[in-house]
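# attaching a predicted model along with its sequence, questions to come.
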Amino acid sequence: MIAYATLPVHSDLHIAVGASVSVFVTALLTWMVAATFLGVPLGSSTGAPPAPGGSGPTSATQNVFLTIQINPGNGWPQYVPANFSVAAHVPVRLTIFDYDNGTSAVSDEFATVRGTVGGMETLNGTETVSHVDPATVAHTFTIFERGAVMLNAPVPVAAGSGVAPSEVSFVVEFNSTGTFTWNCMAPCGPGPMSTPGFMTGSISVE
Ligand SMILES: [Cu+2]
């Protein structure tokens, strides 16, 4: 379920600040989405500089940026992009920015990080954890393989009104090519959970 917080507006100053924040967020989102589609790394702490003159596969970490936002048309939460490609046999850092400020508490299984490099995820760029409080989860990024959890990354709720996102980052490496379906396992709504492009999508590993 999505909780909509009421934005406190006490003065013109607050309105001005809110407007400039939303312009900033819109610009940031546009940049992130464009960068994701163009495959431009936005700053990797582990990636090597690109090889001169080459766009072929390298061993550098590939960065993928995903945003969880509320769809303005139907109000459902959705991952953007939901479908994307990564390279096999190289570390892929997925960074998820969650603007959804509603929790969808999960069982302990889906509050536990699974299948990432080191079995950890980094919260808000600072805290590295293997487990989060199940009650704080908004969504998960989960892949099943033959009925077993191959990857699970719990995504904590965005604070306050959701203007500032929570951030989850982790590294995963795919050892085979093919198409993998990901799902959110937090009970965030039967519509988004069953509709490709919202809380399920596909990863093409090439
Ligand atoms: Cu979800």
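Cool, the structure landed. In this text, all values refer to a predicted model and were calculated from it rather than measured experimentally.
# so which strand or helix has residue 97?
Assigned by DSSP states H and E, residue 97 belongs to strand 91-98.
# note down every partner strand of whatever helix or strand comes next after that strand and its orientation.
Going down the chain from strand 91-98, the next helix or strand is strand 121-123, by DSSP H and E. Strand pairing for strand 121-123, using DSSP bridges, gives strand 127-129 (antiparallel), strand 166-173 (antiparallel).
# just the residues contacting strand 121-123, thanks.
Counting contacts by CB atoms under 8 Å, 6 or more residues apart in numbering, the residues outside strand 121-123 that touch it are 113, 128-130, 132, 153-154, 156, 166-170. Bear in mind the C-beta positions are built from the backbone N, C-alpha and C, glycine included.
# from the residues you listed, pick the one nearest residue 71.
residue 166 (18.4 Å; CB to CB).
# that closest one: what's it in contact with?
97, 98, 123, 124, 138, 155, 156, 157, 158, 159.
# recalculate using a threshold of 7 Å.
98, 124, 155, 156, 157, 158, 159 (CB atoms under 7 Å, 6 or more residues apart in numbering).
# measure it to residue 73 for me?
23 Å (CB to CB, to the nearest Å).
# about what we covered before: what's the ChimeraX line that selects buried ones from the contacts of strand 121-123?
To isolate the buried subset of these in ChimeraX, counting by 16 or more other CB atoms under 10 Å, use the following:
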select :113,129,132,153,154,156,166,167,168,169,170
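# buried residues in stretch 175-186, which are they?
180, 182, 183, 184, 185, 186.
# the closest residue to the fourth one other than its chain neighbours: neighbouring residues, count only.
Across the structure, with CB to CB, 6 or more residues apart in numbering as the measure, the residue nearest residue 184 apart from its sequence neighbours is residue 199 (3.9 Å). Around residue 199 sit 29 other residues, with neighbours defined as other CB atoms under 10 Å.
# you'd agree residue 199 is up against residue 188?
Yes. With contact defined as CB atoms under 7 Å, residue 199 and residue 188 form a contacting pair (6.2 Å).
# between these two, which contacts overlap?
77, 139.
# partners of the residue most central in space within the chain in the sheet?
Nearest to the geometric centre of the chain sits residue 96, at 2.2 Å (CA atoms, centre = their mean). Beta bridges link residue 96 to residue 66, residue 168, judged by DSSP bridges.
# ok, now which ones touch it?
66, 68, 141, 155, 168.
# please repeat the previous calculation with a cut-off of 10 Å.
64-68, 79, 121, 139-141, 153, 155, 165-170 (CB atoms under 10 Å, 6 or more residues apart in numbering).
# perfect, I'm done here.
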